[in-house]
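Engineer: Fold the stuff below for me.
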Amino acid sequence: MNQTFITPIDPEDIHSLSSSLDDVLDGIEDAATAWLLTGWSLSPEIVELCQIVDACSKELVAAFEALEHEKPLLVHCIEINRLENAADKLVRKVLTELFQSDIHPIASSS
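Structural biologist: Numbering: from 1, shown residues only. A predicted model of the protein is given here:
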């Protein structure tokens, strides 16, 4: 019994979490591929969004390490939520600026 690891998370929740993480990674890969194919330059907002995604991934690693060592997770959950809100706010700002400009969102910047 001392050798058996019993997860504090239900197996169904672990599967759901891993599936969601896979979806996020697929989305990041798709966005990066589309960006490379268009040849667009990186705006400061894209760089900032990438930094937020990076910070979220680091916070997820810290959360899983805390889970592994049976330490509190709430601080990590709160930070991930804060970062998500910052990303949402940034995306809304960029979309608002895009739709208020005369720039066609699909046309490449030449």
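Engineer: Now the residue positioned nearest the centre of the chain. Nearest residue, chain neighbours left out?
Structural biologist: Residue closest to the mean C-alpha point of the chain, counted by Cα atoms, centre = their mean, is Val53 at 4.3 Å. Of all residues not flanking Val53 in the chain, Ile28 sits nearest, at 6.7 Å (Cβ to Cβ, 6 or more residues apart in numbering). Yep, even glycine has a C-beta here, placed from its N, CA and C like the rest.
Engineer: before we move on, which element is the one you found in?
Structural biologist: Using DSSP states H and E, Ile28 sits within helix 11-38.
Engineer: tell me how far that helix is from the chain's mean position?
Structural biologist: 9 Å (Cα atoms, centre = their mean, to the nearest Å).
Engineer: what residue ranges in this protein are flagged as low confidence?
Structural biologist: The chain contains residues with pLDDT under 70 at 1-8, 104-110.
Engineer: what do you get if the cut-off is 80, keeping everything else the same?
Structural biologist: 1-9, 11, 102-110 (pLDDT under 80).
Engineer: The residue nearest to the centre of the chain and Leu90 touch, don't they?
Structural biologist: No. Counting by Cβ atoms under 8 Å, Val53 does not reach Leu90; the two are 11.0 Å apart.
Engineer: any idea how far Pro11 is from Leu17?
Structural biologist: Look at Pro11 and Leu17: by Cβ to Cβ, to the nearest Å, they are 11 Å apart.
Engineer: So for the two, which sits in the more crowded spot?
Structural biologist: Leu17 (13 against 8; other Cβ atoms under 10 Å).
Engineer: in the chain, which spans are helices?
Structural biologist: 11-38, 44-68, 74-100 (DSSP state H).
Engineer: Could you find the closest non-adjacent residue to Cys77?
Structural biologist: Closest residue in space to Cys77, ignoring its immediate chain neighbours: Ala63 at 7.0 Å, by Cβ to Cβ, 6+ apart.
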